[in-house]
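Chemist: sequence first, then the predicted structure, then my questions.
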Amino acid sequence: MSMKGAAKLNKVRPERTVRRLGLWTVVLLVVYFVLISLVIAVERDVMLSSVTRLQEVHEREERLVALNIAVARTILAVNENYFSPDIQEAGKVLILEVEAILPGLKRLQEHYPMLAGEMDALRQSIDELATAPARGTIAELRSTVHRLVIELDVITADVHSQKQRIVERYQSTFNRVTVEWLLFGVVGLAILGGLILVFFRRLAYDIDRVRERAVDIVRGYRSHPLEHRRGDELGALMDAVNEMQQELRQRESEIEVARQQQFHKEKMVAVGSLAAAVAHEINNPLSAIVGVAQAMDQQCKVEQCSHYGEACHPGMILDQAKRVIQITRRISEFSVPRSQESELLDVNGLLRSTCNFVAFDRRFRLLELCTDLDSDLPAVRGVADHLVQVAMNLLINAADALQEQTEPAQKIELRTRERDGFVVIEVSDNGSGIDPGYIDLVFNEYFTTKGPGGGSGLGLAVCRSLIRDAGGDITIESVLGEGTTVTVKLPVPTTGSEVADAAAERT
């Protein structure tokens with residue numbers, strides 16, 4: 001992996017870490033159990049309140065039982081002393097009995113204010129018995145005590161009812177607390193178990209995806225990156241795998257481009273050597289043929305041969321021999337090894353020689369190759385062999401796109417222009433065009449729209465690499481059914497020395 005890629009990976013910091021997720025899980029569990037504790041504390045307070053209230057009612061019930069006993073004793077005393085011959089002594093006894101129940105009634109009055117009337121009646125009765133005892137007062141006291149008994153029965157029933165309600169409330173709260181404990185436990189276990197299950201299931205799934213992608217990369221997979229939404233350490237590992245895949249793809253692409261360039265260079269050297277040898281071998285007999293044809297032509301003209309131009313055509317032999325010599329010269333000129341160093345280039349000259357060379361390809365025999373080269377085109381800086389390689393690739397791709405076409409007539413146009421500080425080279429064909437779904441993929445390595453054996457899918461990728469190395473850019477536009485145009489833009493040198501050198505080269 002390159003230093004740039006490694007530096008990029010070193011800067012990657014996961015937004016969420018597994019340790020942090022574990023910490024948050026613990027925090028959520030603590031919050032959950034705190035919530036449970038609060039709910040249970042509230043229910044506990046309800047139960048404690050019920051117990052306290054039950055204790056108060058129980059104490060009140062005990063006092064009420066004692067009061068009922070005292071009232072019953074008072075009733076017996078009233079009944080016994082009602083017919084007593086000694087009214088004054090009977091009055092003293094009854095006063096003592098009534099005074100004995102008044103404190104209990106007073107404490108009970110705090111919760112049952114309805115006893116106030118009976119207490120006032122009792123006090124009035126003992127006051128009358130103390131000042132002027134009479135049987136009528138005793139009779140009135142008996143009536144008051146009987147009313148008090150009735151009210152105490154009502155109060156006793158109410159106390160029993162309160163006690164029953166408090167007991168039921170306590171039991172209900174106890175049952176609810178039990179159910180809540182069970183419910184909170186089950187829900188807590190379900191949530192915790194679900195989180196653990198989902199977390200580890202997703203973790204295992206993503207780890208398996210990383211493993212499979214690593215195996216695929218080892219086997220040569222270089223397509224789409226591994227998609228994920230993780231922000232933890234595993235997500236950083238996935239990013240590292242994607243970065244490794246991208247670096248490997250880029251490195252392999254660079255190696256393939258270098259291999260293609262070396263192959264092109266070796267091919268051109270081989271073609272040049274073969275062309276030079278063939279040209280040498282052809283030029284020797286051609287020189288003899290040219291010499292003989294010139295001699296025949298001069299002799300015919302001197303002797304004014306009657307068959308000159310009719311049956312004897314030494315001039316035609318001479319012209320065709322010169323044409324063959326010119327063809328061999330073009331091939332030799334094109335195949336001469338070029339410098340691999342960046343230099344100022346005559347774009348039009350390189351394009352013309354490339355067109356002359358590819359014109360001998362059988363794919364160009366049935367099509368029209370038109371050139372529209374700007375005569376005032378400035379020089380550009382680059383490697384001549386690279387520009388020749390790009391031009392050959394684009395022209396051959398255009399010719400391949402026209403192979404199956406009969407109508408309209410097959411045509412390729414090569415144009416050069418200067419525009420906005422760039423030398424623009426356009427290669428257009430009137431072929432079938434490229435499907436819009438593929439237009440964004442044509443510069444990808446190993447992508448090709450040609451059939452099996454028609455291409456490796458590296459031509460345009462190599463072209464883009466070479467053009468971008470020269471500081472330019474290459475784009476493609478296509479209309480399905482109408483044709484394709486590839487545009488190459490190379491920057492024009494701006495320094496004075498480079499412009500002067502370019503002018504000197506053109507002159």
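Modeler: Done, it's in. These numbers were taken from a predicted model, which means no experiment stands behind them.
Chemist: how close does the closest residue to residue 245 other than its chain neighbours get to residue 441?
Modeler: The spatial neighbour of residue 245 that comes closest, neighbours along the chain excluded (Cβ to Cβ, 6 or more residues apart in numbering), is residue 217 at 5.4 Å. No exception for glycine: its C-beta is placed from N, CA and C like everyone else's. Computed as Cβ to Cβ, to the nearest Å, the residue 217 to residue 441 distance reads 21 Å.
Chemist: kindly report the same for residue 237.
Modeler: 29 Å.
Chemist: domain-wise, how is the protein divided?
Modeler: 18-206, 341-507 (automatic domain parsing).
Chemist: including distance to residue 245, mean pLDDT and mean neighbour count, could those go into a markdown table?
Modeler: Shown next, in a markdown table, are those (distance: least, Cβ to Cβ, whole Å; pLDDT from 0 to 100; neighbours: other Cβ atoms under 10 Å):
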| stretch | distance to residue 245 | mean pLDDT | mean neighbour count |
| --- | --- | --- | --- |
| domain 18-206 | 16 | 86 | 14 |
| domain 341-507 | 13 | 79 | 17 |
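Chemist: reformat the ones you listed as a markdown table; add distance to residue 296.
Modeler: Formatted as a markdown table, those follow (distance: least, Cβ to Cβ, whole Å):
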| stretch | distance to residue 296 |
| --- | --- |
| domain 18-206 | 87 |
| domain 341-507 | 30 |
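Chemist: so which of the ones you listed comes closest to residue 254?
Modeler: Nearest of the domains of the chain to residue 254, taken as Cβ to Cβ: domain 341-507 at 7.8 Å.
Chemist: centre of the chain to the closest one, how far?
Modeler: 38 Å (Cα atoms, centre = their mean, to the nearest Å).
Chemist: can you check stretch 219-235 too?
Modeler: 11 Å.
Chemist: now the end-to-end length of it.
Modeler: Terminal residues of stretch 219-235 are spaced 23 Å apart (Cα to Cα, to the nearest Å).
Chemist: what about the strands in the stretch 201-350 of the chain?
Modeler: 343-345 (DSSP state E, counting those that start in this stretch).
Chemist: picking up where we left off before, any idea how many residues pack against the residue nearest to residue 245?
Modeler: 17 (other Cβ atoms under 10 Å).
Chemist: surely it touches residue 246?
Modeler: No - using Cβ atoms under 8 Å, residue 217 is not in contact with residue 246, being 10.5 Å away.
Chemist: show me where the stretch 351-500 of the chain has its helices.
Modeler: Taking DSSP state H, counting those that start in this stretch, the helices of the stretch 351-500 of the chain run over residues 384-401, 459-469, 496-506.
Chemist: do the same with the stretch 101-250 of the chain
Modeler: 116-131, 135-218, 233-303.
Chemist: would a markdown table of these with distance to residue 26 be doable?
Modeler: Formatted as a markdown table, these follow (distance: least, Cβ to Cβ, whole Å):
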| stretch | distance to residue 26 |
| --- | --- |
| helix 116-131 | 63 |
| helix 135-218 | 11 |
| helix 233-303 | 18 |
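Chemist: tell me which of those helices sits nearest to residue 494.
Modeler: Across those, closest to residue 494 is helix 233-303 (Cβ to Cβ), at 27.5 Å.
Chemist: that's all I had, so thanks and see you.
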